[in-house]
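1. have a look; sequence and predicted model below, questions after that.
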Amino acid sequence: MNAITPINNAANFLRRAEGLSAPGWAVALRAAGRDALAARGMPTRRAEAFKYTDLAPVLNATFVAPTGSRNVPPMPAQRGRARLVFVDGVLRGDLSTLPPRPLSDMAAVLGALTTPDTQPITAMNASFAEDGLVLEIPAGEDAGLVELLSIVTDGAIAFHPRHIIRLGAGAKLTLLETAQGADGVAYLHNPVFEVSLAEGATLAHVRVQAEGRAAFHLSSVHAAIGAGATYDNFTLNAGGRIARNEIHAALNGAQGACHMNGAQLGFDGQVVDTTTVLHHAAPDCASRQTYKTVLKGRARGVFQGKIFVAQVAQRTDGYQMNQALLLSEDAEMDSKPQLEIYADDVKCSHGATVGALDAEQLFYLRARGIPADEARAMLVEAFLTEAVDGVANEECRAALDEAVRGWWAREA
């Protein structure tokens, strides 16, 4: 059953969008989003998909629309051959090294991969969308590493970028996405990605979510994977007060592959949520999911992963594993792996484990003169290694390692 919030909350949220002017490409998208939210309302914890994550703090917060701030924040060194930069929710061509392409170019396909009627976070994005980027890689081209950087400097803003990523047949792209912001500012970042991979294309999508402590980060990726194509996603959730990462992927062509891996790092009072829905809709496809979660203080971690295997998807090979490490007695991990299989020639498995640091391993390190904090850090790093090692690009791995070390240094 799909629960909704009291009507005043839904109405108040939608009222925020009424006075916003919409660019031409966004008119139909916004109408679809608002219609979906008006009809179904906002999800509460009575809705199964949001049973463990309460969005009330987001819905009740007061935000303002991005104003086009011309702030130039300190910029980290560029990784890769090109960079696209958002500052305070606005795409900044003056700070980007790749000329931005307007979303109006993609008006005909915008929203084609999403179903806002059943995806409220995507419907929220659609209701307010007014900026975003387009990355289209021609057939056969290897675009190398492109960086997408979002920085929030100040202000309680809400921004909802819509990003379109399209790869032609045999094309390749590594996309490093980093989101960061100032601590103490309760802003909302709600990006939606629509990813289309043609036959034989390969996209490595590495995401580093390091928003400010008081921020809200609600994101969703919608990926359509063609025959022989590969979508390889790694997401690090390491910031924000509430962070929910949704991935909806469909293997639509034979011999396609989808890898969804990640790590979640939760500090005291934070909620980190990864929810995946993977649809095997063609034969001879493979999928792998490995998510690691580390929680301290009164943090809550959530993993919900559903693998759906259609009857036509014979010889499916699917694997899913979720493991959590609790660094305090007050931390909580909620895990819900799911398999729904209609084919009869498949190999699918899933599992989940939750535990604390191994006392014997900690004693072993302490007995050799390693300080307690350093010993715990070594064990946490070892726990996360399996997930991070799946990232092939060295610059992306370096960015992930840097974010993990920064989180541990701040929280330890």
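-> Sure, I can see it.

2. so which helix or strand takes in the most centrally placed residue in the chain?
-> In the chain, the residue lying closest to the centroid (C-alpha atoms, centre = their mean) is residue 245, at 3.8 Å. Residue 245 belongs to strand 242-251 when elements are defined using DSSP states H and E.

3. and that strand, what's buried?
-> 242-251 (16 or more other C-beta atoms under 10 Å). In this view, the C-beta of every residue, glycine as well, is placed from N, C-alpha and C.

4. just stretch 145-160 next, same as before
-> 145-153, 155, 157-160.

5. what's the closest of the buried residues of strand 242-251 to residue 123?
-> Residue 123 has its nearest neighbour among those in residue 246, at 12.0 Å by C-beta to C-beta.

6. coming back round to it: direction included, what does the strand holding residue 245 pair against?
-> Applying DSSP bridges to the sheet, strand 242-251 is found paired with strand 216-225 (parallel), strand 271-280 (parallel).

7. so for that strand, mean pLDDT?
-> For strand 242-251, mean pLDDT rounds to 97.

8. export the buried residues of strand 242-251 to CSV and tack on distance to residue 273?
-> Listed next are the buried residues of strand 242-251 as CSV, based on distance: C-beta to C-beta, whole Å:
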residue, distance to residue 273
242, 8
243, 7
244, 4
245, 7
246, 8
247, 12
248, 15
249, 17
250, 21
251, 24
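
9. hmm, back to that, could you say which one of the strands paired with strand 242-251 comes nearest to residue 208?
-> Per C-beta to C-beta, nearest to residue 208 of the strands paired with strand 242-251: strand 216-225, 11.5 Å.

10. re earlier: the residue nearest to the centre of the chain contacts residue 235, correct?
-> Yes: with contact defined as C-beta atoms under 8 Å, residue 245 and residue 235 form a contacting pair (5.2 Å).

11. mutual contacts of these two, please.
-> Counting by C-beta atoms under 8 Å, 6 or more residues apart in numbering, the shared contacts of residue 245 and residue 235 are 207, 209, 262, 274.

12. next SSE downstream of the strand holding residue 245?
-> Next in sequence after strand 242-251, counting helices and strands by DSSP H and E, comes strand 257-266.

13. which other helices and strands does that following strand contact?
-> strand 216-225, strand 230-237, strand 242-251, strand 271-280, strand 286-295, strand 300-309, helix 372-388, helix 394-411 (3 or more C-beta pairs under 8 Å, 6 or more residues apart in numbering; DSSP states H and E).

14. could I get those as a markdown table with distance to residue 364?
-> A markdown table is the format used below for the helices and strands packed on strand 257-266 (distance: least, C-beta to C-beta, whole Å):
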| stretch | distance to residue 364 |
| --- | --- |
| strand 216-225 | 37 |
| strand 230-237 | 28 |
| strand 242-251 | 34 |
| strand 271-280 | 29 |
| strand 286-295 | 20 |
| strand 300-309 | 27 |
| helix 372-388 | 9 |
| helix 394-411 | 20 |
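
15. mind checking the ones you listed for the one nearest to residue 82?
-> By C-beta to C-beta (comparing all of the helices and strands packed on strand 257-266), the closest turns out to be helix 394-411, at 12.7 Å.

16. angle of the closest one against strand 257-266?
-> Between helix 394-411 and strand 257-266, the angle comes out at 20 degrees (axes from the mean of the first three to the mean of the last three C-alpha atoms, to 10 degrees).
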